[in-house]
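*Asks:* Show me how the following folds:
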Amino acid sequence: MVGEMSVDLVSRARAGDGDAFRELTEPHRRELQVHCYRMLGSFQDAEDALQETLLAAWQGFAAFEGRASMRTWLYRIATNRCLNARRSASRRRAKEWDVPNVEPPEPTRLGEVVWLEPFPDALLEGAIDGPLGPEARYEQTESISLAFVTALQILPPRQLAVLILRDVLGFHASEVADMTDSSIESVKSALKRARVSLQQRHPTTDDREPPPASDSPTEDAIVAKFMHAWESADLDALVDLLTDDVFMSMPPMPFEYEGRDVVARFCASIFRAGRTFDLVPTRANGQPAFGAYVRAPNGISHGIGLYVLTLAGDRICTMTRFDNSVLPWFGLPRSLPSR
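*Replies:* Numbers count the residues shown, from 1 in each chain. The predicted model follows:
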């Protein structure tokens, strides 16, 4: 499975040549990071798992015999590193409400997944447009969306791994069985259970309009309207942008709101606090996103979080708020100078 041009690199890497090893693994680095992110739902944890994967591959490179491709071998290591992380890690605890001078309405429910983190679009380039195996069932853009990644996190670790390897990446059942040290029958059984669970958590959206294309005039118009409504605290204009069944969450706080009326009440509680917002557009998980800043009396705006929008047609069907610790991943500053 090792191409002729790679034979020399493999030989040099086995002999301890770090440059040769990096040349072999670098083409797979970004897609492996996305794989770890899907497995763990956390940008930070994915980066840690990626580093552990590359270290384990370097330390164990003598065991690479070339029977499988370099890519498949690296996915095996990454998958098992992520499985170990999921089995051993104590999940982050939910965070208490901490927005000063804002009393939110009663949430519709408390979310199960509070450790979710966004993934910067800048790191997706070259990571989700590679060739997929024949078994893949999902579009790569859908399989990196916040809704899909959130639904994955509910699955038991082994079902999660099998579903990603089979339905997202398209590996054959025999390859997945080898990667997870299990039988083909066991892989098929785990996949069947995972598909049922995922369908319950992430049903098809055939009854909902698809989102507009990235950077299309339709998407640009929604982004501009949202920014204007939020920065001017225009609740009516904001509500006009929402679908009837709009959903809002704010990990690591567990509060979830479903339906236009309750989401409107939540946004009203934010606007009533009298704060002035500045939004800086960016992209996360293939979706429009904004760094959110609150202007202080001295004119300096301090970063308070990141909003990610999910669109349906020319409306917003989901709003997800993350805290300000994620801003640096998007190249966004902690504060903006006075205007």
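*Asks:* Contacts only, for Leu160.
*Replies:* 39, 86, 152-153, 194 (CB atoms under 8 Å, 6 or more residues apart in numbering). (C-beta placed from N, C-alpha, C; glycine too.)
*Asks:* Leu198 now?
*Replies:* With contact set as CB under 8 Å, 6+ apart, Leu198 has these partners: 151-152, 155, 163.
*Asks:* so it, which of the three states?
*Replies:* helix (DSSP: H, G, I helix; E, B strand; the rest coil).
*Asks:* While we're on it, how confident is the model there?
*Replies:* Predicted confidence (pLDDT) for Leu198: 90.
*Asks:* Renumber starting at 15 from here on
*Replies:* Okay, using 15 as the starting number, the last item reads as Leu212.
*Asks:* Please tell me how far it sits from Tyr51.
*Replies:* 17 Å (CB to CB, to the nearest Å).
*Asks:* ditto for Thr93
*Replies:* 13 Å.
*Asks:* just Ala243 next, same as before
*Replies:* From Ala243 to Tyr51 the distance is 31 Å (CB to CB).
*Asks:* Give me the more crowded residue out of those two.
*Replies:* The residue with more neighbours, out of Ala243 and Tyr51, is Tyr51; 27 against 19, by other CB atoms under 10 Å.
*Asks:* What's the separation between the nearest residue to the more buried one once chain neighbours are set aside and Phe35?
*Replies:* Leaving aside its sequence neighbours, Tyr51 sits nearest to Ala60 (CB to CB, 6 or more residues apart in numbering; 3.9 Å). Using CB to CB, Ala60 is found at 21 Å from Phe35.
*Asks:* quick one: which of the two has more around it?
*Replies:* Comparing Ala60 with Phe35 by neighbour count (other CB under 10 Å), the higher total belongs to Ala60, at 25 against 19.
*Asks:* Which helix or strand contains that one?
*Replies:* Applying DSSP states H and E as the criterion places Ala60 in helix 57-73.
*Asks:* Quick one: mean pLDDT for the helix or strand following that helix?
*Replies:* Following helix 57-73 in sequence order, the next helix or strand is helix 84-102 (DSSP H and E). Regarding helix 84-102, the rounded mean pLDDT is 92.
*Asks:* Kind regards, and thank you for your time.
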